[in-house]
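Q: Got a predicted structure plus its sequence, pasted below:
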Amino acid sequence: MDTHSEISRSAPRDVFLYLLSLITLVMTAVSFGALVYQFIDLKFPDVLQYGSITPSINFSLIRVALSVLVVAFPVFFWVSRTLHKDVISEPSKRDLRVRRWLLYFTVFVAGLVVIGDLISLIQSYLNGDLTTAFILKVLIIFFIAGSTLFYYLSELRDRVYPRKAFQMIIIGIVVLSLGYGFYVAGSPQSQRLVRFDETKTNNLQIIQDRLVYYWQQKGSLPASLNSLNDPISGFSVPVDPQNNQPFSYTLTGPRAFRLCAVFNLENKSSATTPAVGYSFNNWLHGTGEVCFDRTIDQALYPVNPKGLPTPVPVR
């Protein structure tokens, strides 16, 4: 009777811990899967996939997955150890309703993942998409769902297994993934330099579009970038975000110009991006000052007769 009373008093705590365990498990599984997925996409890029996804997005997703995994996995591991110690110290807690419900629910979700994985594999095979990257992703899903099923079924059935060895393997895999993820994503300092370079590239693209627009309106290029400023529309020429200085602009011909900027790092990711629709290599750069020479094609960007709407410049 005393034992039952003690378990009843600890029920709210148990509900909280088991819910926290389930939530952090989902966060850990999703973030780990997303992290490894990005590794696979970077190693085996799919030309059909890169119509909307670029390596820049892959690196961004890696950083998001790392942030979640660094927080969620230690919490999940701590909660799991705490719950296991509770069950060892009080075997009667094995029959807690909340414990069995949440454990069965976790097994149910993991089973659905395996079933969905098999369906996706068959569908992709029939569609001719059975690539190396896809097979590796399927194996990752099997690993996540399989290890989850094994762990929670063992807990439900009180199965004896080398628990510590199993935990060390999982911890080792997660730690290796985190280490490689931090290596691939780069240090916070280098990422800040990358963001500076990306902003510079975006600003150069904006300036280029406005120069083409200026050409289509007036049939000539401005002598300086200041001529692009428009107080009516509110447009002002973007500057280098790192030093707040204007970009270098030089007229090299009646329809040609040169834009220059100083970059911190080499833009390696663009070189590995397949061109789909637009050329991602249009702003490929190394370190230091890099200049981009552009010549306006009159057939593609004709000077507009007055009264006709101006087409949007194509990048």
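A: Here it is on my side, so go on.

Q: Give the residue spans of this structure that score low on pLDDT.
A: 1-11, 46-57, 129, 268-281, 305-315 (pLDDT under 70).

Q: where do the helices sit along the protein?
A: Counting by DSSP state H, the chain has helices at residues 2-43, 55-89, 97-126, 132-157, 163-185, 188-218, 268-271.

Q: could the ones you listed be laid out in CSV, adding distance to residue 303 and mean neighbour count?
A: In short, each C-beta sits where N, CA and C put it, glycine included. Formatted as CSV, the helices of the chain follow (distance: least, C-beta to C-beta, whole Å; neighbours: other C-beta atoms under 10 Å):
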stretch, distance to residue 303, mean neighbour count
helix 2-43, 43, 16
helix 55-89, 35, 16
helix 97-126, 50, 15
helix 132-157, 47, 17
helix 163-185, 46, 14
helix 188-218, 6, 17
helix 268-271, 32, 14
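
Q: want to throw the ones you listed into JSON lines with distance to residue 246?
A: Putting these into JSON lines (distance: least, C-beta to C-beta, whole Å) gives the following:
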{"stretch": "helix 2-43", "distance to residue 246": "35"}
{"stretch": "helix 55-89", "distance to residue 246": "26"}
{"stretch": "helix 97-126", "distance to residue 246": "50"}
{"stretch": "helix 132-157", "distance to residue 246": "43"}
{"stretch": "helix 163-185", "distance to residue 246": "32"}
{"stretch": "helix 188-218", "distance to residue 246": "10"}
{"stretch": "helix 268-271", "distance to residue 246": "24"}
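
Q: Identify whichever of those lies nearest to residue 247.
A: For residue 247, the closest of these is helix 188-218, at 6.5 Å, according to C-beta to C-beta.

Q: Now do the closest one and helix 163-185, the angle between them.
A: Orientation check (axes from the mean of the first three to the mean of the last three C-alpha atoms, to 10 degrees): helix 188-218 against helix 163-185 gives 40 degrees.

Q: what sits against the residue nearest to residue 63 when sequence neighbours are not counted?
A: Leaving aside its chain neighbours, residue 63 sits nearest to residue 185 (5.2 Å; criterion: C-beta to C-beta, 6 or more residues apart in numbering). Residue 185 makes contact with 59, 62, 63, 66, 191, according to C-beta atoms under 8 Å, 6 or more residues apart in numbering.

Q: cool, and residue 73?
A: Here residue 73 is in contact with 24, 28, 32, 174 (C-beta under 8 Å, 6+ apart).

Q: What distance do you get for it to residue 267?
A: 33 Å (C-beta to C-beta, to the nearest Å).

Q: Same check on residue 98?
A: Look at residue 98 and residue 267: by C-beta to C-beta, they are 53 Å apart.

Q: Please parse the protein into its domains.
A: In terms of domains, the chain is parsed into 2-186, 189-295 (source: automatic domain parsing).

Q: ok, back up a step: in a markdown table, list the contacts of residue 185 along with distance to residue 88.
A: As requested, the contacts of residue 185 are exported to a markdown table (distance: C-beta to C-beta, whole Å):
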| residue | distance to residue 88 |
| --- | --- |
| 59 | 43 |
| 62 | 38 |
| 63 | 38 |
| 66 | 33 |
| 191 | 44 |
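
Q: Identify the farthest-apart pair in the residues you listed.
A: Top of the distance list for the contacts of residue 185 (C-beta to C-beta): 66 and 191, 11.5 Å.

Q: center of this structure, which residue is that?
A: residue 61 (1.2 Å; C-alpha atoms, centre = their mean).

Q: Pretty sure residue 138 sits against residue 123.
A: No - at 11.5 Å, residue 138 does not count as touching residue 123 under the criterion of C-beta atoms under 8 Å.

Q: ok, residue 136 touching residue 41?
A: No - between residue 136 and residue 41 there is no contact under C-beta under 8 Å: 9.9 Å.

Q: tell me which residues of stretch 248-263 are tucked away?
A: Using 16 or more other C-beta atoms under 10 Å as the test for burial, stretch 248-263 gives 249, 255, 257, 259, 261, 262, 263.

Q: now, which of these sits nearest residue 102?
A: Closest approach to residue 102 among those (C-beta to C-beta): residue 263, at 51.6 Å.

Q: Run through the bridge partners of that closest one.
A: On the basis of DSSP bridges, residue 263 takes part in beta bridges with residue 288.

Q: who are the neighbours in contact with it?
A: Residues in contact with residue 263, defined by C-beta under 8 Å, 6+ apart, are 197, 200, 285, 286, 287, 288, 289, 290.

Q: let's see it at 10 Å
A: Residues in contact with residue 263 (C-beta atoms under 10 Å, 6 or more residues apart in numbering) are 193-194, 196-197, 200-201, 242, 283, 285-290.

Q: How far off centre is stretch 74-86?
A: Distance of stretch 74-86 from the chain centroid (C-alpha atoms, centre = their mean, to the nearest Å) equals 29 Å.
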